[in-house]
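1. Give me a 3D structure for the following:
(2 chains)
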There are 2 protein chains.
Amino acid sequence: MSKYAFGVDVGGTTVKLGLFNDEGQVLDKWEIPTVKDNGGEKVLPDIAASIKNKMQEKNITAADLVGVGIGAPGAVNADGFMVNGAVNIGWGSFDLAETLKKELDLDVTVKAGNDANVAALGEMWQGGGKGYSNLVAVTLGTGVGGGIIIDGRILTGTNGAGGEIGHIHIEDNETEVCGCKNKGCLEQYASATGITRLANRRLAKDDAPSILRGGEISAKTVFDAVKAGDKVAIEIAEQFGEYLGKGLAAVASVVDPQIFVIGGGVSKAGDILFKYIEPSYKRCAFGPCKQAKFALAKLGNDAGIYGAAALVLK
Amino acid sequence: MSKYAFGVDVGGTTVKLGLFNDEGQVLDKWEIPTVKDNGGEKVLPDIAASIKNKMQEKNITAADLVGVGIGAPGAVNADGFMVNGAVNIGWGSFDLAETLKKELDLDVTVKAGNDANVAALGEMWQGGGKGYSNLVAVTLGTGVGGGIIIDGRILTGTNGAGGEIGHIHIEDNETEVCGCKNKGCLEQYASATGITRLANRRLAKDDAPSILRGGEISAKTVFDAVKAGDKVAIEIAEQFGEYLGKGLAAVASVVDPQIFVIGGGVSKAGDILFKYIEPSYKRCAFGPCKQAKFALAKLGNDAGIYGAAALVLK
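-> All right, here's what the predicted structure looks like:
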C-alpha cells in the first residue's frame, strides 16, 4: 500500500524537500540549491533527481508512493498550471505539475500549487490550524501573503489570486506605490517592510522619546520595544494592528473562517500581535465572525513542504 | 429516471415555489403566503402540502423527483441547519433540511441554504452568471447581500456568514450604526437605503441645484437623475460607486472570481451602475483581478427558486 509522499517547496534560493508518511510525519527533509540559469530550466530536473536519489536511499518504490506535491512562488491554477510564471525562479507560464511528472517519469500523482496557498494547507494539516478545515493563513513577511482553505481545500481563484489578502485596499491616503502598483494595500502597513515604514513615519512626526531612535528599525526592533513598554513603539503596533485587524475583518465577511493562522517573520513577535490585531478586528468584523480564533503558525519554513505533501496525501 | 426538482424560496411575506426539470427549465411557479404565527410553525407543513399537491396535479411521483431545495433568510450551514434561526419568519435554530424532509415524508434529497447564497447559485446556473463557476453575486436591495460560488459550490462559511460582503468595513468616519451594529459597513453606502442616505447627506451639504430637491429620494430617483445628467446625482452615484468598487476589489483579493453578478432593486438602474463601480474597482483590485467581469443579474425574484432547485440538481 502506498504510504509515502514527497513535498517540495521551490524558493528563489533553495528548494526544500520533505519525505512524509501518510500519517503526516516528516521522515526526512533536505534542501538543494535553486539553479536559476537559463530560465530555471534545471530546477525541475534537479528536484526529480533528488527525489529519485532519496527513493533509492530509503528503498522506496513508485508503488510505495502516493505522490509528489510542489509549491512554487507564483499563481498556480487548480490544474497545476503556472499562470504567469514565477519571476523569482525565471520560469514562464507552463504546466508545473505535468512537467514535474514527466521529469520524475514515475506512475504517481503530481500536484502543484502556489507556495503561500500550499503553506496554508500545511498549517491546516499539521500546524497552527490543525483540526480546522476553514482557515485563513496570513504570512507577515517581506509582503503579506495569504492562503485560504475552505472545507479542507485551497481556494485557488480564477487567476490563482485567491487569498492575495495583502493587496486588499485599506488606505485611501497613501502616496507610495505598493509592489503590485496600487496604492494603499494592506501589505504596505502589515508586512515587515510595512511596519518599518509605519515606524519611520511615526518617528519622523515628532521627537517623542523612544528606544527605537538611532537604532535599526525593523518589525523585530519595533515589537521588542513594544515588549519593553516603549510608548512610540506601542503606537506603531496599534497602527499596524488597526490596519491588519480591519483587513482580516473584511476577509471574514467574505469567507467566514474558523481560524486565522498568523505566520511569517513578523509572527516571531508572538502572541502579543493578537493584542494589537483583535480590537479593530472585533470592531469591524460581521457579528458571527467576531468569534473567529487567532493562532500562530507552527511550521515555520517547513509549512511549504508539509502543505505540498498534503496536496497529495489529504 | 428522476428528472424533476422543486425549488423553494422562503420570504417574510410569501414563499415562492418552482417546479424544474433537470435541464434547468422552470415548468411551473407559484406562491403561498408565509404564515408566521406561532414561530412560523406552519411554514414548512404548508410548503410540504403545496409540493405534494403540485406532484399530484402534475402526476409526479417521488421516483420522478431528484429532490427539493430550499432557501431561507438566515445563516444556514453546509448541513442545512439554521444556525441562528430566521427572525423574519419567527424561526429559531433548527435543522431546516431535515425538518422539511420529515414534513414531505418522501424518499428524496432535501437541501437547504441561505437565501442570498442560494440566489447566487441560481444566477450561476441559469442567470447572469451562466457559464461561470467562480462567481460573486451582489444583491443591492434594502441591504447589500452577497453569495459566493467557488468551483460551482456555495461558500457557506463557518457560521453561514460566507459572502456577507455588505458588512465589509469600508468607512472609518461613519457615525450612524449599521443593522449589524457595526459602523461603516459597505451596506450603509451601497444598498438602496445607503444610496438614499448618501443623497440626503449630499443635498444637505449645500444648495447646488438638483432635480432631486423637493422630490422623493430613492435609489431609483437618484439613478433616474443621473441618466438625466443631474450633476448632484452624478456626484452621489460616484460616491456609491467609490464605496462599492472598493468593497468588491477587497472581495476579489480574497476569492478572485471570474465575474460579479449585480442584482437587487438598485440593479434596475442597469448597466450605468458599472460606470460608477468600475473606476474604484480597477484602481483598488489586485492586478490579475482587475479583469473580472461585471454583469447584471437576470433572474430577478426568481433567482431564489432557481438556486434552490440547483442545490439538488447541480
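2. From B:Thr139, how far off is A:Ser218?
-> Noted for A:Ser218: a distance of 45 Å to B:Thr139, by CB to CB, to the nearest Å. To be clear about C-beta, it is placed using only N, CA and C from the backbone, and glycine gets the same treatment.
3. again with A:Val8
-> 43 Å.
4. what's the answer for A:Ser210, then?
-> In terms of CB to CB, A:Ser210 sits 49 Å off from B:Thr139.
5. who's more crowded, those two?
-> The residue with more neighbours, out of A:Ser210 and B:Thr139, is B:Thr139; 28 against 20, by other CB atoms under 10 Å in any protein chain shown.
6. which residues touch the most centrally placed residue in chain A?
-> Of all residues in chain A, the one closest to the mean position by CA atoms, centre = their mean is A:Ala116, 3.5 Å from it. Applying CB atoms under 8 Å, 6 or more residues apart in numbering or on different chains, we find A:Ala116 in contact with A:137, A:139, A:145-147, A:163.
7. how about the residues of the stretch 1-150 of chain A that lie near chain B?
-> Contact residues (CB under 8 Å from any CB of the partner chain) of the stretch 1-150 of chain A with chain B: A:75, A:78, A:83-84, A:134, A:148, A:150.
8. any idea which of the contacts of A:Ala116 is closest to A:Glu171?
-> A:Gly146 (17.8 Å; CB to CB).
9. Give me the sheet partners of whichever strand or helix holds that closest one and which way each runs.
-> Per DSSP states H and E, A:Gly146 falls inside strand A:144-150. For strand A:144-150, the pairing partners within the sheet under DSSP bridges are strand A:135-140 (antiparallel), strand A:153-154 (antiparallel).
10. give me phi/psi at the residue located most distally from the centre of chain A?
-> The centre of chain A is farthest from one residue, A:Asp207, which by CA atoms, centre = their mean lies 36.5 Å away. For A:Asp207, the backbone dihedrals are phi -110, psi 30 (criterion: degrees, to the nearest 10).
11. What distance do you get for it to B:Thr196?
-> For A:Asp207 relative to B:Thr196 (CB to CB), the value is 48 Å.
12. Same check on A:Asp206?
-> 43 Å.
13. Looking at those two, which is more packed in?
-> Ranked by neighbour count (other CB under 10 Å), A:Asp206 and B:Thr196 place B:Thr196 first, with 18 against 7.
14. Can you pull out the residues in contact with stretch A:34-50?
-> With CB under 8 Å, 6+ apart, stretch A:34-50 has contacts from A:8, A:10-15, A:17, A:30, A:32, A:70, A:86, A:89-92, A:99-100, A:103-105.
15. List the contacts of the spatially closest residue to A:Ala269 that is not a sequence neighbour.
-> Leaving aside its chain neighbours, A:Ala269 sits nearest to A:Phe223 (3.7 Å; criterion: CB to CB, 6 or more residues apart in numbering or on different chains). The contact partners of A:Phe223, by CB under 8 Å, 6+ apart, come to A:233, A:237, A:266, A:269, A:272-273.
16. Give me the neighbour count for A:Lys268.
-> 15.
17. sorry, that was for A:Gln291
-> 11.
18. So for it, what's the pLDDT?
-> pLDDT for A:Gln291: 96.
19. Any figure for the gap between it and chain B?
-> 8 Å (CB to the nearest CB, to the nearest Å).
20. in the stretch 101-250 of chain A, which spans are helices?
-> Along the stretch 101-250 of chain A, the stretches classed as helices by DSSP state H, counting those that start in this stretch are A:115-126, A:187-190, A:192-205, A:219-227, A:231-255.
21. got the domain boundaries for chain A?
-> Per the record, chain A has its domains at A:4-123+A:302-313, A:131-297, by automatic domain parsing.
22. rewinding a little: most packed of the strands paired with strand A:144-150?
-> Mean neighbour count (mean count of other CB atoms under 10 Å in any protein chain shown) peaks for strand A:135-140 among those, with a mean of 29.
23. Give me the residues contacting that strand.
-> So strand A:135-140 is contacted by A:116, A:119-120, A:123-124, A:129, A:144-149, A:163, A:165, A:190-192, A:219, A:244, A:248, A:251-252, A:255, A:257-267, A:297, A:303 (CB under 8 Å, 6+ apart).
24. at 6 Å instead, please
-> Strand A:135-140 is touched from outside by A:116, A:120, A:123-124, A:129, A:145-149, A:191, A:251, A:257, A:259-264, A:266-267, with contacts defined as CB atoms under 6 Å, 6 or more residues apart in numbering or on different chains.
25. burial count for A:Val251?
-> 29.
26. right, and it touches B:Val255 too?
-> No: taking CB atoms under 6 Å as the definition, A:Val251 is not a contact partner of B:Val255, at 9.7 Å.
27. where do the contact lists of these two overlap?
-> Common neighbours of A:Val251 and B:Val255 (CB under 6 Å, 6+ apart) do not exist.
28. Where does the stretch 51-200 of chain A get nearest to chain B, residue-wise?
-> At 2.6 Å from chain B, A:Gly157 is the closest residue in the stretch 51-200 of chain A, using CB to the nearest CB.
29. Hmm, that residue is touching B:Asp256, no?
-> Yes: shown here, A:Gly157 and B:Asp256 form a contact pair, counting by CB under 6 Å, at 2.6 Å.
30. now the strand holding A:Gly146 against helix B:231-255, angle please.
-> 70 degrees (axes from the mean of the first three to the mean of the last three CA atoms, to 10 degrees).
31. and the residue of the stretch 201-314 of chain A found nearest chain B, what is it in contact with?
-> Among all residues of the stretch 201-314 of chain A, A:Asp256 sits closest to chain B, at 2.6 Å; criterion: CB to the nearest CB. A:Asp256 makes contacts with A:289, B:157-159, B:161-162, as judged by CB under 6 Å, 6+ apart.
32. again with A:Glu171
-> Contact partners of A:Glu171, counting by CB under 6 Å, 6+ apart, are A:Gly184.
33. what does A:Asp207 give?
-> A:Asp207 neighbours (CB under 6 Å, 6+ apart): none.
34. Same question for A:Ser267.
-> A:140, A:296.
35. Kindly provide the distance from it to A:Ile195.
-> The separation that A:Ser267 has from A:Ile195, given CB to CB, amounts to 12 Å.
36. Likewise for A:Val68?
-> Where A:Ile195 is concerned, A:Val68 sits at a distance of 37 Å (CB to CB).
37. likewise A:Ala120?
-> 22 Å.
38. Pick out whichever of those two has more residues nearby.
-> The residue with more neighbours, out of A:Ala120 and A:Ile195, is A:Ala120; 33 against 26, by other CB under 10 Å.
39. Who are the contact partners of A:Ile262?
-> Here A:Ile262 is in contact with A:138, A:296 (criterion: CB under 6 Å, 6+ apart).
40. okay, the contacts of A:Phe223 in JSON lines with pLDDT and distance to B:Glu176 next?
-> Listed next are the contacts of A:Phe223 as JSON lines, based on pLDDT from 0 to 100; distance: CB to CB, whole Å:
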{"residue": "A:Ala233", "pLDDT": "98", "distance to B:Glu176": "35"}
{"residue": "A:Ala237", "pLDDT": "98", "distance to B:Glu176": "30"}
{"residue": "A:Val266", "pLDDT": "96", "distance to B:Glu176": "35"}
{"residue": "A:Ala269", "pLDDT": "97", "distance to B:Glu176": "36"}
{"residue": "A:Ile272", "pLDDT": "97", "distance to B:Glu176": "34"}
{"residue": "A:Leu273", "pLDDT": "98", "distance to B:Glu176": "32"}
